[in-house]
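Visitor: Requesting a structural model of the entry that follows:
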Amino acid sequence: MHSSERPRREYPSDVQTLTVGHREFIIVGTAHISQESADLVREVIENEKPDCVCVELDEKRHKALAQKQRWEELDLKTIIRQKQLATLLVNLLLGSYQKRLGEKLGVVPGLELLEATKVAEEHSIPIKLCDRDVRITLRRAWNSMSFFKKMQFMSSGLVGVLENPDISEAQLKEIKQKDVLNDLMQELGEAMPVLKRVLIDERDTYLTQNILAAEGEKIVAVVGAGHVKGIVHALQNHKPIDLAQIEVIPPISPMWKIIGWGIPALIVGSIVYIGFQKGPEAAGDNALFWIIANGLPSMIGTIVALGHPITIITAFIAAPFTSLTPLIGAGYVTAFVQAYFRPPVVREFQTVSKDFGSFPRWWQNKLLRIFLVFLLSGIGSIVGTWVGAMEIFSNLF
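Guide: A predicted model of the protein is given here:
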């Protein structure tokens, strides 16, 4: 096994060529919002005429790029029922900033990946989609983060999305350079090691295994520049790995289940105890306080989100009860009601990534308003839970 100093043809440093046994692997590192990368991908594939083209896409992302119908086909109510709205919001958060950068450069994010599949099809070259299902990646990342890390990620992500991106092709080229990428990956690893492990390291492994599984003597693999170093290292030190191990969505920690059921049990138990100690009237007063303390902040959050009148009423009614069970949060109940009475239109699905970057448009776009209802009613319910719990516990003695 060895690595050649440069490909047979003259390519920029974004292209790495390795020989593994009797097979040749040509790794093309790209920026996902660069026209230059798309042109390089076409050049390499047309020059090399490989036996197979491997692409950093899964079936769903490929379909979304190729057909441009992802949002229009979204079954929003099903997503809410399956409690995947938070995952969808994270996905939108990750993609919005990249898309806005692409719009400034006149490039569709992922253009070079789609270009790879197009060129391969033009030359009748087999295509292998090598990335892990994006839903598994996002859920592994989300479930692996602590509550505080999730809040840190969401807050920093929102700040980044709301900033006005201004970057040129020249700056993109600089960012793609090896030393800059190493610094970026190291910073991500230090700030959020869980995210780096799931989004970068695990996918390096996943991509490498699938690239090695591709048929043929000469393979061209088109991947994001941030994956090149990890893939090259994995190819040079190949060890078979069971991919099923990194396709499993980690379960919620048992501690969260204990807390999730323990707090409601303490609250209900406290109200019952107050009833025994101070009488039914005192228990009723505390139960009423719990209802108001939960329902009012959740209702106010929904009002701030400009929720439908029925959604506002639902927030007040649902929050006191959803706070007593970890099975469903107030945000999911209100989001479902909002989606039912104020469903987004096709145009709002099409402009959601653009609207996402402008905070005032969250109230104008009905899809984003559903997210607002979900977030603000949920935050209101959390605040109400702590206020109500503290008051009830203080009345125990």
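
Visitor: Quick check: buried residues in stretch 295-312?
Guide: By 16 or more other CB atoms under 10 Å, the buried positions in stretch 295-312 come out as 295-303, 305-308, 311-312. To be clear about C-beta, it is placed using only N, CA and C from the backbone, and glycine gets the same treatment.

Visitor: what about residue 200, neighbour count?
Guide: Other residues lying near residue 200 total 19 when counted by other CB atoms under 10 Å.

Visitor: ok, it to residue 193 distance?
Guide: Distance from residue 200 to residue 193, counting by CB to CB, to the nearest Å: 10 Å.

Visitor: Ok, residue 247 next?
Guide: Separation of residue 247 from residue 193 (CB to CB) stands at 20 Å.

Visitor: Repeat that for residue 203.
Guide: Between residue 203 and residue 193 the distance, using CB to CB, works out to 15 Å.

Visitor: Compare those two (neighbour count), which wins?
Guide: Under the neighbour definition other CB under 10 Å, residue 203 and residue 193 were set side by side, and residue 203 has more, 23 against 13.

Visitor: Please name the residues that touch that one.
Guide: With contacts defined as CB atoms under 8 Å, 6 or more residues apart in numbering, residue 203 is in contact with 131, 132, 137, 227.

Visitor: Tell me where the stretch 1-150 of the chain has helices.
Guide: Along the stretch 1-150 of the chain, counting by DSSP state H, counting those that start in this stretch, helices occupy 35-48, 59-67, 76-81, 85-105, 111-122, 134-144, 147-162.

Visitor: Buried ones in the first one, by neighbour count?
Guide: Translated: helix 35-48. Result for helix 35-48 [16+ other CB under 10 Å]: buried residues 35, 36, 37, 38, 40, 41, 42, 43, 44, 45, 48.

Visitor: Convert the C-alpha atoms of that helix to PDB, please.
Guide: Taking Å, rounded to 0.1, in the frame of the first residue of the first chain, the C-alpha atoms of helix 35-48 are listed here in PDB:
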ATOM      1  CA  GLN A  35     -18.500  26.300  -8.700                       C
ATOM      2  CA  GLU A  36     -14.800  25.600  -8.900                       C
ATOM      3  CA  SER A  37     -15.300  22.300  -7.100                       C
ATOM      4  CA  ALA A  38     -18.000  21.300  -9.500                       C
ATOM      5  CA  ASP A  39     -15.700  22.000 -12.500                       C
ATOM      6  CA  LEU A  40     -12.900  20.000 -10.900                       C
ATOM      7  CA  VAL A  41     -15.200  17.100 -10.300                       C
ATOM      8  CA  ARG A  42     -16.200  17.000 -13.900                       C
ATOM      9  CA  GLU A  43     -12.600  17.300 -15.100                       C
ATOM     10  CA  VAL A  44     -11.300  14.400 -12.900                       C
ATOM     11  CA  ILE A  45     -14.100  12.000 -13.800                       C
ATOM     12  CA  GLU A  46     -13.900  12.800 -17.500                       C
ATOM     13  CA  ASN A  47     -10.100  12.400 -17.500                       C
ATOM     14  CA  GLU A  48      -9.900   9.300 -15.400                       C
END
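
Visitor: Kindly spell out which helices and strands sit in contact with that helix.
Guide: Applying 3 or more CB pairs under 8 Å, 6 or more residues apart in numbering; DSSP states H and E, one finds that helix 35-48 contacts strand 23-30, helix 111-122, helix 169-176, strand 218-224.

Visitor: between it and strand 23-30, how many degrees?
Guide: The directions of helix 35-48 and strand 23-30 differ by 160 degrees, with axes from the mean of the first three to the mean of the last three CA atoms, to 10 degrees as the criterion.

Visitor: pLDDT averaged over helix 35-48 - what is it?
Guide: Mean pLDDT, helix 35-48: 90.

Visitor: same question, the fifth one
Guide: What helix 111-122 shows for mean pLDDT is 90.

Visitor: Find out how far that helix is from the centre of the chain, if you would.
Guide: On the basis of CA atoms, centre = their mean, to the nearest Å, helix 111-122 is displaced by 25 Å from the centre of the chain it belongs to.

Visitor: Also the second one?
Guide: For helix 59-67, the separation from the chain centroid amounts to 16 Å (computed by CA atoms, centre = their mean).

Visitor: Same question for the third one.
Guide: Chain-centre distance of helix 76-81: 17 Å, with CA atoms, centre = their mean.

Visitor: One more: the first one?
Guide: In terms of CA atoms, centre = their mean, the centre of helix 35-48 is set 29 Å apart from its chain centre.

Visitor: quick one: contacts for residue 308?
Guide: 337, 338, 341, 342.

Visitor: mind pulling up the phi and psi values for the closest residue to it other than its chain neighbours?
Guide: In this structure, residue 308 finds its nearest non-sequential neighbour in residue 341, 4.3 Å apart by CB to CB, 6 or more residues apart in numbering. When quoted as degrees, to the nearest 10, the phi and psi of residue 341 stand at phi -90, psi -20.

Visitor: my guess is residue 341 contacts residue 310, does it?
Guide: Yes. Taking contacts as CB atoms under 8 Å, residue 341 lies within contact range of residue 310: 5.8 Å.

Visitor: sorry, back to before: quick one: which of the contacts of residue 203 has the most company?
Guide: Of the contacts of residue 203, with other CB under 10 Å as the count, residue 227 tops at 25 neighbours.
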